[in-house]
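Student: have a look at this fold, sequence not included:
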Ligand code: HEC
């Protein structure tokens with residue numbers, strides 16, 4: 001929470017700065033848009049992400065337990081990625097499975113954005129999640145990354161790591177409304 005508060009303060013600072021600048025220029029004010037998002041709205045978004053995280057992870061682990069018996073089988077990650085794509089296309093939210101092992105099964109899963117890179121570092125450093133408030137097209141978003149460890153023997157075996165090792169992170173980005 002301290003991180004969030006720091007980010008929120010940072011945003012408030014930016015808004016204050018924008019307000020100051022506007023006083024001295026004739027440019028139309030944008031201070032209102034830059035205001036730190038409403039705390040209650042952030043909390044609602046945080047809860048939505050926590051719910052999605054439970055849902056996706058329960059599904060992936062369940063699929064793996066029920067259907068994945070050998071290396072040659074299609075991994076549950078593919079099903080998860082298909083759902084993430086569908087949710088994005090339908091305009092609900094962005095979620096991405098990102099590698100934190102340093103030895104991804106698919107290079108497409110390597111961290112790309114600044115936040116994804118920060119998230120991978122955080123997971124490697126033993127954190128369970130990372131959060132930031134960002135902006136997309138001038139609108140506030142909440143980004144949260146959560147830990148994906150090799151929770152089952154089969155995850156570990158197929159990925160060639162020890163059971164419990166950090167495999168990756170799911171990075172969510174939801175609009176704060
Ligand atoms: C049968 C082999 C297999 C099993 C079992 C398996 N995975 Fe994977 N996993 C893969 C493959 C293949 C990919 C790459 C999918 C893609 O993006 O094309 C992948 C991708 C991933 C990624 C993204 C990083 C990367 O390596 O590309 C994570 C994180 C991950 N799996 C976690 C898990 C977890 C957690 C479990 C157990 C619940 C698990 N996997 C079980 C084969 C497996």
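Tutor: Now that the structure is in, tell me what you want to look at. From a predicted model like this one, the values you see are computed outputs, not experimental measurements.
Student: how about the helices in this structure?
Tutor: 2-24, 31-34, 39-67, 76-89, 114-124, 153-159 (DSSP state H).
Student: near the ligand, which residues of the protein?
Tutor: Those residues of the chain that sit near the ligand, judged by C-beta under 6 Å from any ligand atom, are 60-61, 64, 68, 71, 73, 75, 77-78, 81, 97, 99, 104-106, 108-109, 148, 150-152, 154-155, 158-159, 167-168. Every C-beta, even on glycine, is put in place using the N, C-alpha and C of the backbone.
Student: now with 5 Å, please.
Tutor: 61, 64, 68, 73, 75, 77, 97, 99, 104-106, 109, 148, 152, 154-155, 158, 167-168 (C-beta under 5 Å from any ligand atom).
Student: residue ranges of each domain in the protein, please.
Tutor: Recorded structural domains for the chain (assignment: automatic domain parsing) are 1-35, 37-175.
Student: let me have those in TSV, extended by mean pLDDT and mean neighbour count.
Tutor: Shown next, in TSV, are those (pLDDT from 0 to 100; neighbours: other C-beta atoms under 10 Å):
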stretch	mean pLDDT	mean neighbour count
domain 1-35	45	12
domain 37-175	97	16
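Student: for residue 95, which non-adjacent residue is spatially closest?
Tutor: Using C-beta to C-beta, 6 or more residues apart in numbering and skipping residues adjacent in sequence, the residue nearest residue 95 is residue 84, 4.6 Å away.
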